[in-house]
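Novice: Curious how this folds, go ahead:
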Amino acid sequence: MEAPDLPLPDLLKHLREMAGLTQQQLADELCAITGTFTLTRHEIGRWEQGRVRPRAWLPSLADLLKVDLETLRRAPNRKAAAASYTGPSDDKGQVNQVLRRTFLQKTGAAAAALHRDSCVIQALDAITHDYLGSVVDNLGELIDHYALAICALPAEAVYDELLHIRSYASRHLDRAGYASPRAELVLAIGRLSHLLAVAACDMGQHAAARLWCSDARRCSREAAHPELAAWAALTQAMIAWYQGQPRQSAMLAAQARKSIPLGTAIHAKLASQEMRAAAMAGDVESMTRARQHAGRAIAALPGDVPVTGVYSVNLAEDPPYTATSLLFVGRYGEAVAAADRVISTVHRSAANQHGEQPSGYARSLLILGLAQAGLGRLDEAVNAGCRALAGSRPTWPTMVLAGKLDKTLTHDFPHARLTGDYHVRYLEAAGYPTGQPSRFAEHDEERR
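Specialist: Predicted structure coming up:
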């Protein structure tokens with residue numbers, strides 16, 4: 001292919017678009033032809049922004065994009081980018097990138113290792129250069145990692161690690177002054193604060209989650225990145241929903257949704273949250289209206305929207321939380337069908353590489369169990385509930401739903417042996433098999 005005379009960042013973007021590839025698709029193709037699994041769409045974005053010159057990847061890019069290798073090698077950096085360039089462009093920088101990703105992979109594989117948080121900081125200190133751009137890149141890699149890991153690893157361990165990384169990032173911000181990458185560093189810090197809010201929510205630590213959400217919103221304003229504030233609002237709306245405050249949840253979700261354009265994952269998630277909040281409040285008309293809007297929001301999403309992790313949206317047949325919404329308005333048969341679709345398509349693999357269930361999978365099973373109970377199917381309800389509690393890391397939202405199922409079974413099938421079996425399993429998962437206070441004591445009081 002004859003390439004136009006452009007700086008390398010613009011040339012790469014032009015060639016990618018001419019090939020009909022999204023950034024994620026290009027990353028996947030490069031991983032496939034090189035046999036690695038370390039490249040993300042965020043790295044492609046850095047190349048196209050001129051922040052990193054991908055010297056080691058140029059041969060593979062030339063092959064994939066059907067362009068002469070020398071054309072890529074001769075293409076200059078942007079003049080503006082060259083003056084503020086902060087990414088590694090030499091061999092040492094390329095080696096550091098490989099080391100960083102290798103470390104992240106090993107960290108994920110050894111999730112239960114002791115003092116892992118200090119290992120992360122030691123790695124950051126060892127591979128971070130003396131410029132802010134390198135700090136931002138390293139934090140970006142870690143944010144990508146934890147946005148996925150937080151869905152499957154113990155919340156307490158993730159929280160501790162994130163807290164250390166957040167403190168590390170703040171120290172760099174203190175000496176950043178008004179350097180050009182400051183806004184990107186503020187945004188990274190805000191995302192870390194939001195991930196801390198998610199972990200705190202999973203632990204049932206609502207006051208801490210509220211504080212971290214507030215900090216994420218502050219960073220969102222400073223970095224002029226409204227989507228981050230919207231994700232923080234979603235976390236607060238979800239906490240309100242699980243606390244049994246559907247109108248507060250709907251209000252938080254609606255306010256944030258109106259500030260974010262259609263075509264973003266967070267807009268679709270907020271619309272879906274409005275739907276299930278309306279359903280919990282018994283407002284069928286509002287639920288139906290929100291469901292229709294959520295469907296339009298899903299349809300407007302780009303093809304490369306993330307489908308796993310905290311900053312994702314499931315591109316299933318139904319908008320997120322459809323099964324939950326149908327359950328709360330008493331449409332149990334439809335709720336069973338919707339939950340089955342989510343489990344079979346979104347959660348094909350019930351366990352991750354550590355043998356743990358993703359928390360979203362457990363919650364989908366509990367919604368299925370509640371819907372089955374609504375249809376009078378005790379065996380199926382108990383089976384789904386016990387499968388949901390098979391993991392070793394019940395989160396607070398999971399236990400809220402598990403408690404609802406326990407209460408439903410006790411009310412509808414009070415003398416059945418299976419009801420007793422599930423009740424024992426629920427007590428064990430809640431943390432008091434021998435009469436000790438539950439780790440989710442606040443939730444237990446709400447159930448009573």
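Novice: to the chain's geometric centre, what's the distance from stretch 301-312?
Specialist: Computed by C-alpha atoms, centre = their mean, to the nearest Å, the chain-centroid distance of stretch 301-312 equals 9 Å.
Novice: Check which element follows the helix or strand hosting Gly333 along the chain.
Specialist: Taking DSSP states H and E as the definition, one finds Gly333 inside helix 332-345. As assigned by DSSP H and E, the chain's next helix or strand after helix 332-345 is helix 359-374.
Novice: Mind giving me the packing neighbours of the very next helix or strand once past that next one?
Specialist: Going down the chain from helix 359-374, the next helix or strand is helix 378-388, by DSSP H and E. Applying 3 or more C-beta pairs under 8 Å, 6 or more residues apart in numbering; DSSP states H and E, one finds that helix 378-388 contacts helix 359-374, helix 396-412, helix 417-430. Using the backbone N, CA and C atoms, a C-beta is placed for each residue, glycine as well.
Novice: Can I get these in JSON lines including mean pLDDT, distance to Arg218 and mean neighbour count?
Specialist: Compiled in JSON lines, the helices and strands packed on helix 378-388 are given as follows (pLDDT from 0 to 100; distance: least, C-beta to C-beta, whole Å; neighbours: other C-beta atoms under 10 Å):
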{"stretch": "helix 359-374", "mean pLDDT": "95", "distance to Arg218": "27", "mean neighbour count": "25"}
{"stretch": "helix 396-412", "mean pLDDT": "96", "distance to Arg218": "25", "mean neighbour count": "20"}
{"stretch": "helix 417-430", "mean pLDDT": "93", "distance to Arg218": "35", "mean neighbour count": "18"}
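Novice: for stretch 320-338, which positions count as buried?
Specialist: Neighbour-count burial for stretch 320-338, with 16 or more other C-beta atoms under 10 Å as criterion, is recorded at 320-329, 331-332, 334-338.
Novice: Alpha carbons of it, as PDB, please.
Specialist: Only the C-alpha atoms of stretch 320-338 are listed here, as PDB (Å, rounded to 0.1, in the frame of the first residue of the first chain):
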ATOM      1  CA  PRO A 320     -27.800  -5.100  31.600                       C
ATOM      2  CA  TYR A 321     -30.000  -5.800  34.600                       C
ATOM      3  CA  THR A 322     -33.000  -6.900  32.500                       C
ATOM      4  CA  ALA A 323     -33.500 -10.100  34.400                       C
ATOM      5  CA  THR A 324     -33.400  -8.300  37.700                       C
ATOM      6  CA  SER A 325     -35.900  -5.700  36.500                       C
ATOM      7  CA  LEU A 326     -38.300  -8.400  35.300                       C
ATOM      8  CA  LEU A 327     -37.900 -10.200  38.600                       C
ATOM      9  CA  PHE A 328     -38.900  -7.200  40.600                       C
ATOM     10  CA  VAL A 329     -42.100  -6.500  38.600                       C
ATOM     11  CA  GLY A 330     -43.200 -10.200  39.100                       C
ATOM     12  CA  ARG A 331     -42.500 -11.400  35.500                       C
ATOM     13  CA  TYR A 332     -40.700 -14.500  36.800                       C
ATOM     14  CA  GLY A 333     -40.800 -16.600  33.600                       C
ATOM     15  CA  GLU A 334     -39.300 -13.800  31.600                       C
ATOM     16  CA  ALA A 335     -36.700 -13.200  34.300                       C
ATOM     17  CA  VAL A 336     -35.700 -16.900  34.200                       C
ATOM     18  CA  ALA A 337     -35.200 -16.700  30.500                       C
ATOM     19  CA  ALA A 338     -33.300 -13.500  30.600                       C
END
